[in-house]
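*Asks:* what's the 3D shape of this:
(one chain, ligands or ions: 1)
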Amino acid sequence: SSNEIKDRKVVSGDGGEPHQVGDGPVLTTSQGAPVADNQNTLRAGARGPALMEDFHFREKIFHFDHERIPERVVHARGYGAHGYFEATEDLSDLTSAHLFQEKGRRVPAFVRFSTVAGNKGSVDLARDVRGFAVKLYTEEGNWDIVGNNIPVFFIQDAMKFPDLIHSVKEAPDRAFPQAQSAHDNFWDFISLMPESMHMVMWAMSDRAIPRSFRFMEGFGVHTFRFVNAAGKSQFVKFHWKPKQGLQSVIWDEAVKINGADPDFHRRDLWNAIQNGDFPEWELGVQVFDDAFADSFPFDVLDATKLIPEEDVPVRIVGRLVLDRVVDNFFAETEQVAFCTQNIVPGVDFTNDPLLQGRNFSYLDTQIKRLGGPNFTHIPINAPKCPFHHFQQDGHMAMHNPKGRANYEPNSWSEGGPRADPDRGHKSFPEQIDGEKRKVRGELFADHYSQARQFYNSQTKIEQDHIANAIVFELSKVEAPQIRERLVAHLPNIDKDLAKAVADGLGLKSVPKAHKPARTPVDGLKTSDALSILKN
Ligand code: HEM
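*Replies:* Predicted coordinates for the structure are as follows:
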């Protein structure tokens, strides 16, 4: 194991002879030339200047100087592991995805868990959303389910994402706070963004301080589509349910753990897998048709809403097991590039405006983060099924087309790959009509009902934790107007919660409840709301 110390003579760096003996390979330059001395620069005489000629020195320092790449603009701190996914159901009636054509099909998987706001060196137990990103290396391409441990999101439209993230990351002038949400800018933004209230309830709950990655749920958040071989489509939501159960710490524990061991979550995952205690999640799907979507009192394209499991039960269709740690953190966990647009035949997008924006954003940022358009050539990102295309050149091209043809169609007998209408991904031919406009969210207008539903689903102790968390967070906010503006949303969720928070902050009374800007379609089925809007 990597902890073993070989009985190998290694002489310390003060230049004793011989430098190294033993059975390991000879150290070389990256060109493969054996290195005789890895401790001393080539110099002119015993006390003379270092010589430019020392190619080993120059190469070593040059490479070191370029070791850092930009950290992810969000979810910078993460931890990954390998494993596999197994379909436990034949879902061929719902989707043509190769993986689900037969019970028992297995594919390799890579998962990266993360916090959102903190930078790469921040603490594990921050009160934050956790990323739960899964890459399934299927036989028809990589399928990424880039989810979180909370089933809804702060905002409804990707247009708002840069502002949300600017507000939650360290303030631009003082560069703090770095990892917690206790933040004037964050609460300023949130208090001005009523649609965030549902997610805020989750983020202030115990879910945001998980005991470890192994005890978290995961959610695909958006509504996606399954499309079967006959072209029939149904809507689908994805859930990961931990076999280990769901566990959180309490805030006082989180604060202590952060001080004692900021790597608590990554150490936990590493140790569990190394000890053979492989964490496992069930994949659940909520599948529903257009009729359900039309009758649901919220738009299924609104990522701040969930479909209650009482309305559409979660059907377990697979299992994900993590059974192998990475060989190298940078090569795998840092360089992995998840992207919502990585889907396979049988899976499709919906018109959720958050999802559509994500489909652009991930690829765009990864071109910069990973140094050019060829990051799919990095082994962790490359498909494990055969792949053939005519993309070529660019920085670090490693899979340029072989032979004469690099275009399609071509008529050469060995002309390379061709598109295949029978096998390729086909977008569901959804009927679209309507005027081109910036939608101001009439269909996404009710921001409080599901926040209330979540709050009511909590036990008394958990409700107290939510109130305490909001008091703690807001007590760090210096501007009284921001505190009051935030508390003004709470009576719309629960009067006792509003009172507890107002008391905790020492406010004289509960501020007047925030009046929602748009209410006309509240409580209406989506189809009725749509027809009102059209008239
Ligand atoms: C990264 C989830 C919304 C842009 C991530 C990661 C996760 C995630 C899990 C980390 C991936 C990894 O481990 O490498 C989500 C979820 C969202 C959401 C569940 C809402 C449902 C958005 C939106 C945007 C966005 C709306 C932009 C419009 C990004 C970017 C990264 C990222 C740029 C960094 C990717 C990289 O550098 O590889 N997101 N995100 N996300 N997300 Fe999101």
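*Asks:* which bits of the stretch 151-300 of the chain sit near the ligand?
*Replies:* Taking Cβ under 6 Å from any ligand atom, the part of the stretch 151-300 of the chain that reaches the ligand is made up of 153, 158, 161, 221. Glycine gets a C-beta too; all of them are placed from N, C-alpha and C.
*Asks:* of those residues, select the buried ones using a PyMOL command.
*Replies:* With 16 or more other Cβ atoms under 10 Å as the burial test, the buried ones among those are selected in PyMOL as follows:
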select buried, resi 153+158+161+221
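*Asks:* in helices only, show me the residues of the stretch 151-300 of the chain next to the ligand.
*Replies:* Counting by DSSP state H, these place residue 161 in helices.
*Asks:* am I right that residue 114 is in a helix?
*Replies:* No - counting by DSSP: H, G, I helix; E, B strand; the rest coil, residue 114 is not found in a helix; it is strand.
*Asks:* please begin residue numbering at 42 from this point
*Replies:* Got it, the first residue is 42 from now on, which makes the last one we talked about residue 155.
*Asks:* does it touch residue 167 like I think?
*Replies:* No - using Cβ atoms under 8 Å, residue 155 is not in contact with residue 167; the gap is 11.0 Å.
*Asks:* how about the residues of the stretch 192-341 of the chain next to the ligand in CSV, adding pLDDT?
*Replies:* Listed next are those as CSV, based on pLDDT from 0 to 100:
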residue, pLDDT
194, 98
199, 97
202, 98
262, 98
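*Asks:* list just the nearest of the residues of the stretch 192-341 of the chain next to the ligand to residue 93.
*Replies:* The nearest member of these to residue 93, counting by Cβ to Cβ, is residue 202 at 47.8 Å.
*Asks:* got the contact list for the closest one?
*Replies:* For residue 202, the contacting residues are 196, 395, 398, 402, by Cβ atoms under 8 Å, 6 or more residues apart in numbering.
*Asks:* looking at these, which are in helices?
*Replies:* Secondary structure defined by DSSP H assigns 395, 398, 402 of the contacts of residue 202 to helices.
*Asks:* out of these, which touch the ligand?
*Replies:* Subset of the ones in helices among the contacts of residue 202 in contact with the ligand: 395, 398, 402, counting by Cβ under 6 Å from any ligand atom.
*Asks:* need those residues in a markdown table with distance to residue 463 and pLDDT, can you?
*Replies:* Below are those laid out as a markdown table (distance: Cβ to Cβ, whole Å; pLDDT from 0 to 100):
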| residue | distance to residue 463 | pLDDT |
| --- | --- | --- |
| 395 | 33 | 98 |
| 398 | 32 | 98 |
| 402 | 32 | 98 |
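*Asks:* most neighbours among those, which one?
*Replies:* Comparing these by number of neighbours (other Cβ atoms under 10 Å), residue 395 comes first, having 23 neighbours.
*Asks:* hang on, the earlier thing: would you list the residues of the stretch 192-341 of the chain next to the ligand in CSV and tack on distance to residue 473?
*Replies:* Listed next are those as CSV, based on distance: Cβ to Cβ, whole Å:
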residue, distance to residue 473
194, 24
199, 19
202, 24
262, 23
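*Asks:* quick one: name the residues of this structure near the ligand.
*Replies:* With Cβ under 6 Å from any ligand atom as the criterion, the chain meets the ligand at residues 113-116, 119, 153, 155, 172, 174, 187-189, 194, 199, 202, 262, 344, 377-379, 395, 398-399, 402-403, 406-407, 410.
*Asks:* which residues in the protein form strands?
*Replies:* Per DSSP state E, the chain carries strands over the ranges 119-128, 147-156, 171-179, 182-189, 259-260, 265-268, 274-283, 321-329, 356-365, 388-389.
*Asks:* nearest spatial neighbour of the residue of the stretch 142-291 of the chain found nearest the ligand, skipping sequence neighbours?
*Replies:* Closest to the ligand within the stretch 142-291 of the chain is residue 172: 2.8 Å, counting by Cβ to the nearest ligand atom. Excluding its sequence neighbours, the residue lying closest to residue 172 (Cβ to Cβ, 6 or more residues apart in numbering) is residue 155, at 3.7 Å.
*Asks:* relative to residue 486, how far out is that neighbour?
*Replies:* Between residue 155 and residue 486 the computed distance is 32 Å (Cβ to Cβ, to the nearest Å).
*Asks:* then residue 92?
*Replies:* For residue 92, the distance to residue 486 equals 72 Å [Cβ to Cβ].
*Asks:* could you do residue 274 as well?
*Replies:* Note on residue 274: its distance to residue 486, by Cβ to Cβ, is 26 Å.
*Asks:* and for residue 519?
*Replies:* Residue 519 sits 32 Å away from residue 486, going by Cβ to Cβ.
*Asks:* I'm done for today, thanks for sticking with me.
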